[in-house]
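Visitor: Provided below are the primary sequence and the corresponding predicted coordinates.
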Amino acid sequence: MTIQQLEYILAVDQFRHFAKAAEYCRVTQPTLSAMIQKLEDELGVKLFDRAVQPVSPTKVGEKVIAQARVILSETSQVKDIISEEKQSLSGTFRLGVLPTIAPYLLPRFFPQLMEKYPELDVRVTEMKTQDIRQALRDGEIDAAILASILDEPSLSEEILFYEQFFGYVSRKEPLFKHEVIRTSDITGERLWLLDEGHCFRDQLMRFCQMEAVKLNQMAYRLGSMETFMRMVESGKGITFIPELATFQLSAEQKELVRPFAIPRPTRPVVLTTNKDFIRTSLLTVLKDEIRAAVPKEMLSLQAVQFLV
């Protein structure tokens, strides 16, 4: 049994005439008749009563034709999926990325992705978590790279890797003399944190059990992570940076980095799409490129790490 044979019996059922069905299928009548006869021989039943005019399906023929319609409909969907997949590595792809992820992750994989797939137009927008959530709902972006699980029924989410938090400590701070950071060592007076609405801030606040951060946060509400790092380097206070940021530091800057004591706060970096997004081959390529671009030890949660 072939798809072509099923197409032929549907055509005969539609036109109730072998010659017209053959013309519709763009084959000769003997070819169409022979293919249907071969199918009948294979099934061991007659699908059409040829003794009457117009030709009509037999009782069992009606059941086979009904099932053939289902099969051909499914086949059409398969063809649509394949057609979409062949086009999925070209055209526009809109990606939302957290500002605390973009500067450190994108340079590791984005240039290579563009070189491998020059027909793909990836448009990246830096957005906070709540803005990404709304943009996915509104169809303004196709996918997002987040640092938390949104856990919404309409979304498909997959963890790409795990990323620790590190302290970035001024040489003038007492904490600079410590090899590790303990939450009891952290006070808001000397702490530079991102503005409210950044999940990076929220995750650290929860982990450090800080209900409120004063002074520096109040004095510099619209800071960026890079700005806070420069503040620390100039001799003022403490801030926090994600693991990938440490790979961009000079030897001198790395002297300011301090790990947390065990358990170490760690965030999941997650690729999120709407469940009805069908460009699956594109998502696979994106996931593979990202995972290949980060250190292997970041691909799994370590025993010393604690998800925040």
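Guide: Structure received.
Visitor: buried residues of stretch 248-267, list them for me.
Guide: Within stretch 248-267, the residues that qualify as buried are 249, 253, 256, 258, 259, 260, 264, 265, 266, 267, counting by 16 or more other CB atoms under 10 Å. All C-beta atoms are positioned from the backbone trio N, CA, C, and that covers glycine.
Visitor: correction: stretch 224-231
Guide: Going by 16+ other CB under 10 Å, stretch 224-231 has these buried residues: 225, 228, 229, 231.
Visitor: ok, longest strand in this structure?
Guide: Using DSSP state E, we find that the single longest strand of the chain is strand 155-169.
Visitor: ok, which stretches of the stretch 1-150 of the chain are helices?
Guide: With helices called from DSSP state H, counting those that start in this stretch, the stretch 1-150 of the chain shows them at 3-15, 18-25, 29-43, 59-87, 102-116, 129-138.
Visitor: equivalent analysis for the stretch 201-308 of the chain, please.
Guide: 216-219, 225-233, 243-246, 251-254, 280-293.
Visitor: helices and strands around the last one, which ones?
Guide: For helix 280-293, the helices and strands in contact under the criterion 3 or more CB pairs under 8 Å, 6 or more residues apart in numbering; DSSP states H and E are helix 102-116, strand 143-146, strand 155-169, strand 264-274.
Visitor: ok, now with 10 Å
Guide: Where contact means 3 or more CB pairs under 10 Å, 6 or more residues apart in numbering; DSSP states H and E, helix 280-293 is packed against helix 59-87, strand 91-97, helix 102-116, strand 120-126, strand 143-146, strand 155-169, strand 264-274.
Visitor: any chance of the ones you listed in TSV, plus distance to residue 2 and mean pLDDT?
Guide: Compiled in TSV, those are given as follows (distance: least, CB to CB, whole Å; pLDDT from 0 to 100):
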stretch	distance to residue 2	mean pLDDT
helix 59-87	11	82
strand 91-97	33	91
helix 102-116	37	95
strand 120-126	36	91
strand 143-146	39	96
strand 155-169	35	94
strand 264-274	36	94
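Visitor: any idea which of these is most buried?
Guide: strand 143-146 (a mean of 24; mean count of other CB atoms under 10 Å).
Visitor: what's the separation between residue 235 and residue 259?
Guide: If you measure residue 235 against residue 259 using CB to CB, to the nearest Å, the figure is 22 Å.
Visitor: please apply the same query to residue 165.
Guide: From residue 165 across to residue 259, the span is 9 Å (CB to CB).
Visitor: over to residue 138?
Guide: As for residue 138, its distance to residue 259 is 40 Å (criterion: CB to CB).
Visitor: residue 40 now?
Guide: Distance from residue 40 to residue 259, by CB to CB: 75 Å.
Visitor: same check on residue 224?
Guide: Relative to residue 259, and taking CB to CB, residue 224 is found at 23 Å.
Visitor: what about the closest residue to residue 19 other than its chain neighbours, how many residues nearby?
Guide: In space, and not counting its chain neighbours, residue 19 is closest to residue 29: 5.0 Å by CB to CB, 6 or more residues apart in numbering. Residues lying near residue 29 (other CB atoms under 10 Å) number 15.
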